[in-house]
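[1] Let me see the structure of the following:
(2 chains)
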Amino acid sequence: MSEGNMNITLKVWRQKNSKSQGNLETYDVKGISEDMSFLEMFDVLNEKLIVEDKEPIAFDHDCREGICGMCSMYINGRPHGPLEGVTTCQLHMRSFKDGDTIVVEPWRAQAFPVVKDLVTDRSAFDRVIAAGGFVSVNTGNAQDANAIPIPKTEADKAFAAAACIGCGACVASCKNASAMLFVSAKISQLALLPQGDPERQTRAINMVNQMDAEGFGNCTNTGACAVECPKEISLENIARMNREYLSASFTSSED
Amino acid sequence: MAESTIKLDAKIPEGLLAEKWTKYRSTMPLVNPANKRNLEIIVVGTGLAGASAAATLAELGYKVKAFCFQDSPRRAHSIAAQGGINAAKNYQNDGDSTYRLFYDTIKGGDYRSREANVYRLAEVSTDIIDQCVAQGVPFAREYGGMLSNRSFGGVQVQRTFYAAGQTGQQLLLGAYSALERQVGMGAVDMFSRHEMLEVVMIDGKARGIIARNLITGELERHFGHAVVLASGGYGNVFYLSTNAMGSNVTAAWKATKHGAAFANPCFTQIHPTCIPVSGDHQSKLTLMSESLRNDGRIWVPLKKDDSRKAVDIPEEERDYYLERRYPAFGNLVPRDVASRAAKERCDAGFGVGHSKMAVYLDFAASFERYGHLEANKNNLHGLIQEEILDLGRAVVKEKYGNLFDMYKQITGEDPYQMPMRIYPAVHYTMGGLWVDYNLMTNVPGLYACGEANFSDHGANRLGASALMQGLADGYFVLPYTIGAYLSGEIRTKSIPTDHEAFVEAENAVKNRINKLLQIKGKQSPESFHKRLGKIMWDKCGMARNEAGLKEAISEIRALKDEFWTDVRVMGDVEEFNPELDKAGRVADFIELGELMCIDALNRNESCGGHFREEYQTEEGEALRDDANYIYVAAWTQKEDGSWQLNKEPLNYENIKIAQRSYK
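    Residues are numbered from 1 along each chain as shown, chains lettered A, B, ... in the order given. The predicted structure follows:
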């Protein structure tokens, strides 16, 4: 399997399950090619561990093209590693040097408990969406798609917010483990579009309440989330969410 | 399991093609709202087809349980679809219509799909766009606020709706939000990180599943009055493909063990524009959307083994081979045609890059064209060439920015400065579980939708049609047709899961898992998967022949024996164990691989993505044999494990079959 000439030392978080304690273990990986992705280096390591009759390292990954949001690792303390606008699976070994030591850990947040090794449970995000991250339109209700013109600039802003992949890097990067960037991206997308307008108040209130119930922290405007977000979701969304939430709190027509 | 040929009744409604669906929909039996509340439906998979079906069924009032192996339904592989979704809206006023979309799809599929299904697909395509916009899917728009369209292969109108290069993501998040809304209301029970490992059959009907909780390893029994498989395609049988790492055939394969027919397994789509393989470490391949062929031109050097840099090769020494061979469609020929043409050039020694197994996809002409347009639009005069190109690059960035970024990440090269290198890769599977017009398999109560079924794309799928079919099945077809079946089930009470059929099914799963863990051999599941993939790609890939297929069959049989005696599965049963998950999936892929080769060997013709070297025209185009092979090959497994061929003849009543030509 050795086809390159980089040698890397990995310090990887190993934890049997959510109930046990974890610790960092050290592994030497040899013969790495700079064209490998970071996860392909883990593939190489895992194959080696199997040969040595040791348990392979569990990590979440699926599409390996930066869109599914499954991969999730702190690499040297940064969610998704050193590059901006890039998921772990799109990080390649050419971003590292021969002889580097790299520390790899799972997301750390109360709302994302560790399942095993580098795998965490992010189902809190699903519950936040279920609380209001939708337009209540049953299949078959819709009018013609071009019936409501939407200014391109608004549509583009909505799209930029909708690009969120739900990976959780925003939470992982935040010293408060706040989910504001994730939640605000969905609230913004739908608030910017006429289709989302009828429910904008209940949506903002319900999603924020669920976010709090899940144990995510508060936002103190540090901005680390937007720096680490692999899809470069803008902090403006948090400002918009605050506006939506406040105005809903004051003016909501619901009792 | 069937010992002799079974009769496959497609149950296509009577009447004129354009009226079949409307008439059928208006006259099928219904289930009243009070009864719907007592009927339970299991949906396996939460991609476009599964999420849209689960959400819509719950909206109708059924009790739904949805399952996915990922940690969230939002991560199903539909999320990675890039270029767009087709619909016969005719917003561009360029002559599109339901009939034209129907015709293009049948022709694109090389006359190997069902007329009635495809017509229905074209009919409901427009409703999909309406529904998605209403959900807040942010499709690309023009300055006037109207929806934008672009072109895709095999088509001469602009009917593809898109959201940059992330259309699948936006559509899936739309369906996911509809699904989560139902989860929030308690109408859908969602089971993430669960894998379906068995269908439970009671009195000849599908009545539930056994699923493994992937976190605890526990086996769970779930009852349903009907079971819907929306578990995606099987492209990962080739190991390297554009599919996600977890995409697998296991759910569909379990159905075949209960008599479900698997149709046209050899019809696989090799996508022409993917980032080439860079080494043995490669775990997956990445697509560069077909939409890039709107603006990119494909070429290779005219000279063999030309090692100059692309930008140093003058215009007159380039061979724009698609434009040369297919002047009418040029760079926008269907995928199968474009892939074979790339292979032909590379095999002949004209390939580029260090592996010589790549061709160029070049945007230079588009940068210049868009640059001039922008300069004119903004009244900028007297710009130098590089300034014009930069204006053009900005336009291309807006259309495909995420794809260009991805290319740069993976290859380390900047596609704004030099052409992309691309090569064909496995992308989609047209074959799948056989279903009738209702999307029901030949097993009563067991449905298949989306890529998991075989129904609409014949031997080759047109670009931007997978999203259309997944959502058509889930939003607008299955929710109706399943009602016709369930109307006969309103007297069936929920069956308790201590029923012996559930116990037996769970035991079967348990035994298989234990067997896998007890082999304690020397080779990892991954290594078997790689070896299977190599056999499949070399002998059942872009070109196939009789001798190669026969070799492949015996090699795969040997691989299967080796797997079951020498696989090493680490870890335990009762824990999170990705190695065990993988081992089960690879075991199923090995069996499927054999069937694909058997099917490819049986089909003594070339059509669409299935290219048998023995059957080609003088110009190297696919040569069909309509007299002998105008049928769906639906395979059922016999008691002894061998495969029985069942034929569903295809009748073309509305379209005149012709030699496909894109010249």
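
[2] For the rest of this, base every contact and every neighbour count on C-alpha atoms.
    Noted.

[3] so where is the stretch 151-255 of chain A shaky, pLDDT-wise?
    Scanning the stretch 151-255 of chain A for pLDDT under 70 picks out the ranges A:253-255.

[4] In it, what residue comes closest to chain B?
    A:P151 (4.6 Å; C-alpha to the nearest C-alpha).

[5] what residues are up against that residue?
    For A:P151, the contacting residues are B:141, B:143-145, by C-alpha atoms under 8 Å, 6 or more residues apart in numbering or on different chains.

[6] Please repeat the previous calculation with a cut-off of 7 Å.
    B:143-145 (C-alpha atoms under 7 Å, 6 or more residues apart in numbering or on different chains).

[7] Using CSV, write down the CA coordinates of stretch B:174-191.
    Taking Å, rounded to 0.1, in the frame of the first residue of the first chain, the C-alpha atoms of stretch B:174-191 are listed here in CSV:
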residue,chain,number,x,y,z
GLY,B,174,-36.1,20.1,0.7
ALA,B,175,-37.3,16.6,1.0
TYR,B,176,-35.5,16.2,4.3
SER,B,177,-37.2,19.2,5.7
ALA,B,178,-40.6,17.8,4.7
LEU,B,179,-39.6,14.5,6.4
GLU,B,180,-38.4,16.2,9.6
ARG,B,181,-41.7,18.2,9.7
GLN,B,182,-43.5,14.9,9.9
VAL,B,183,-41.0,13.5,12.4
GLY,B,184,-41.7,16.6,14.5
MET,B,185,-45.4,15.9,14.3
GLY,B,186,-45.0,12.3,15.3
ALA,B,187,-46.2,11.0,12.0
VAL,B,188,-42.9,9.4,11.0
ASP,B,189,-40.6,7.4,13.3
MET,B,190,-37.1,8.0,12.1
PHE,B,191,-34.4,5.4,12.6
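
[8] Now do the SS call for B:Y423.
    Of the three states, B:Y423 takes strand under DSSP: H, G, I helix; E, B strand; the rest coil.

[9] Could you measure from it over to A:L91?
    22 Å (C-alpha to C-alpha, to the nearest Å).

[10] what ranges do the strands span in the stretch 51-200 of chain A?
    With DSSP state E, counting those that start in this stretch, the ranges of strands along the stretch 51-200 of chain A come out as A:74-75, A:78-79, A:101-105, A:114-116, A:119-120.

[11] strands paired with the second one, and their directions?
    This means strand A:78-79. strand A:74-75 (antiparallel) (DSSP bridges).

[12] Now do the partner strand: everything it contacts.
    If you take C-alpha under 7 Å, 6+ apart as the criterion, strand A:74-75 is touched by A:80-81, A:102-107.

[13] Now which of those residues would you call buried?
    For the contacts of strand A:74-75, a burial check counting by 16 or more other C-alpha atoms under 10 Å in any protein chain shown picks out A:80-81, A:102-107.

[14] farthest-separated two in these?
    A:I102 and A:W107 (15.8 Å; C-alpha to C-alpha).

[15] Look at the residue nearest to B:Y652 when sequence neighbours are not counted and say how many residues are nearby.
    Excluding its sequence neighbours, the residue lying closest to B:Y652 (C-alpha to C-alpha, 6 or more residues apart in numbering or on different chains) is B:E115, at 6.7 Å. For B:E115, the count of nearby residues is 23 (other C-alpha atoms under 10 Å in any protein chain shown).

[16] How about the one 3 residues further on?
    The number of residues packed around B:V118, counting by other C-alpha under 10 Å, is 22.

[17] so it is in which element?
    helix B:115-135 (DSSP states H and E).

[18] And that helix, what does it pack against?
    helix B:98-108, helix B:167-184, helix B:466-471 (3 or more C-alpha pairs under 7 Å, 6 or more residues apart in numbering or on different chains; DSSP states H and E).

[19] And those helices: which comes nearest chain A?
    helix B:167-184 (4.5 Å).

[20] quick one: that closest one near chain A?
    Yes. For helix B:167-184, a contact with chain A is found by C-alpha under 7 Å from any C-alpha of the partner chain, at B:177-178, B:180-181, B:183-184.

[21] now these in a markdown table, with pLDDT and neighbour count?
    Shown next, in a markdown table, are the residues of helix B:167-184 next to chain A (pLDDT from 0 to 100; neighbours: other C-alpha atoms under 10 Å in any protein chain shown):
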| residue | pLDDT | neighbour count |
| --- | --- | --- |
| B:S177 | 98 | 27 |
| B:A178 | 98 | 29 |
| B:E180 | 98 | 31 |
| B:R181 | 98 | 26 |
| B:V183 | 98 | 24 |
| B:G184 | 98 | 19 |
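
[22] What is the neighbour count of residue 198?
    Assuming you mean chain A. 13.

[23] actually it's chain B I care about, not the one you picked
    B:E198, neighbours per other C-alpha under 10 Å, totals 25.
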